[in-house]
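Student: I need the structure of the sequence given here:
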Amino acid sequence: MKNLFLVTLSALLISACTPSDDQPESSINDLMLDVITPATNTLWGVEDPQSDADWSIFIDAASQVITAGEQIKRGGSGPNDMKWAADPAWQAFADTLIGAGNDAHKAAEAKDLDALFEANDVLYPPCEECHIQFHPGVGAEELN
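Tutor: Residues are numbered from 1 along each chain as shown. Here you go, the predicted structure:
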């Protein structure tokens with residue numbers, strides 16, 4: 001019985017020391033620089049995709065925007081990240097980013113260039129406005 005108690009106690013202590021899945025691993029800054037900026041630049045750089053391989057580049061970029069948008073909604077490991085994520089304006093910007101990413105994804109899957117251009121037009125303003133409100137004077141390329 002004593003051994004069972006010690007094993008149970010040990011398991012509880014070990015699990016208490018294990019990092020939670022809810023803890024963000026990346027900072028919002030890292031997500032912006034490593035994921036969102038390259039993915040949005042890819043989407044905004046669309047010209048005239050012809051092949052399935054061409055379109056898959058934009059499908060992948062839109063998927064990255066969606067996934068990173070969902071991550072920044074939860075905050076990150078940076079010094080201001082959780083404060084930003086708690087702000088309703090931040091959540092609205094992230095929701096618009098995710099929505100535009102979803103629209104871009106659907107457009108690229110449908111190989112609809114006009115719809116992709118429209119999604120890209122929706123994608124830009126929340127990025128710019130969010131930088132103005134939460135990181136004044138800093139463009140995406142200057143986040144570090």
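
Student: Pass me the low-pLDDT residue ranges in this structure, would you?
Tutor: Within the chain, the ranges that satisfy pLDDT under 70 run 1-24, 138-144.

Student: could you pull out the helices for it?
Tutor: If DSSP state H is used as the criterion, the helices of the chain fall at 2-17, 28-31, 37-44, 52-74, 81-85, 88-109, 113-134.

Student: Now do the last one: which elements does it pack against?
Tutor: Think helix 113-134. helix 37-44, helix 52-74, helix 88-109 (3 or more CB pairs under 8 Å, 6 or more residues apart in numbering; DSSP states H and E). All C-beta spots, glycine's among them, are computed from the backbone N, C-alpha and C.

Student: Now the first one: buried residues?
Tutor: Right, the one you point to is helix 37-44. 37, 39-40, 42-43 (16 or more other CB atoms under 10 Å).

Student: Equivalent analysis for stretch 73-91, please.
Tutor: By 16+ other CB under 10 Å, the buried positions in stretch 73-91 come out as 75-76, 78, 81, 84-85, 90.

Student: Run through who's touching it.
Tutor: 22-31, 72, 94-95, 98, 130, 133-134 (CB atoms under 8 Å, 6 or more residues apart in numbering).

Student: Filter the residues you listed down to the buried ones and hand me the PyMOL line.
Tutor: Command for PyMOL that selects the buried part of the contacts of stretch 73-91, burial taken from 16+ other CB under 10 Å:
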select buried, resi 24+26+27+28+29+30+31+72+94+98+130+134
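
Student: Would you mind finding the most buried of the helices of the chain?
Tutor: Among these, ranked by average contacts under mean count of other CB atoms under 10 Å, first place goes to helix 28-31 (a mean of 21).

Student: For it, name the packing helices and strands.
Tutor: Contacts defined by 3+ CB pairs under 8 Å, 6+ apart place helix 28-31 against helix 52-74, helix 81-85.

Student: Swap in 6 Å and give it another go.
Tutor: helix 52-74 (3 or more CB pairs under 6 Å, 6 or more residues apart in numbering; DSSP states H and E).

Student: In PDB, could you pull the C-alpha coordinates for the helix it packs on?
Tutor: Output of helix 52-74 as PDB, limited to C-alpha atoms (Å, rounded to 0.1, in the frame of the first residue of the first chain):
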ATOM      1  CA  ASP A  52      -1.800  22.800 -59.400                       C
ATOM      2  CA  ALA A  53       1.700  23.300 -58.000                       C
ATOM      3  CA  ASP A  54       1.400  27.000 -58.400                       C
ATOM      4  CA  TRP A  55      -2.000  27.100 -56.600                       C
ATOM      5  CA  SER A  56      -0.700  24.800 -53.800                       C
ATOM      6  CA  ILE A  57       1.800  27.500 -52.800                       C
ATOM      7  CA  PHE A  58      -1.100  29.800 -52.100                       C
ATOM      8  CA  ILE A  59      -3.200  27.100 -50.400                       C
ATOM      9  CA  ASP A  60      -0.200  26.500 -48.100                       C
ATOM     10  CA  ALA A  61       0.300  30.200 -47.400                       C
ATOM     11  CA  ALA A  62      -3.300  30.700 -46.500                       C
ATOM     12  CA  SER A  63      -3.200  27.700 -44.200                       C
ATOM     13  CA  GLN A  64      -0.200  29.200 -42.500                       C
ATOM     14  CA  VAL A  65      -2.000  32.500 -42.000                       C
ATOM     15  CA  ILE A  66      -5.000  30.700 -40.500                       C
ATOM     16  CA  THR A  67      -2.900  28.600 -38.100                       C
ATOM     17  CA  ALA A  68      -0.700  31.500 -37.000                       C
ATOM     18  CA  GLY A  69      -3.800  33.700 -36.600                       C
ATOM     19  CA  GLU A  70      -5.300  31.200 -34.200                       C
ATOM     20  CA  GLN A  71      -2.100  31.100 -32.300                       C
ATOM     21  CA  ILE A  72      -1.800  34.800 -31.900                       C
ATOM     22  CA  LYS A  73      -5.400  34.900 -30.600                       C
ATOM     23  CA  ARG A  74      -4.100  32.900 -27.600                       C
END
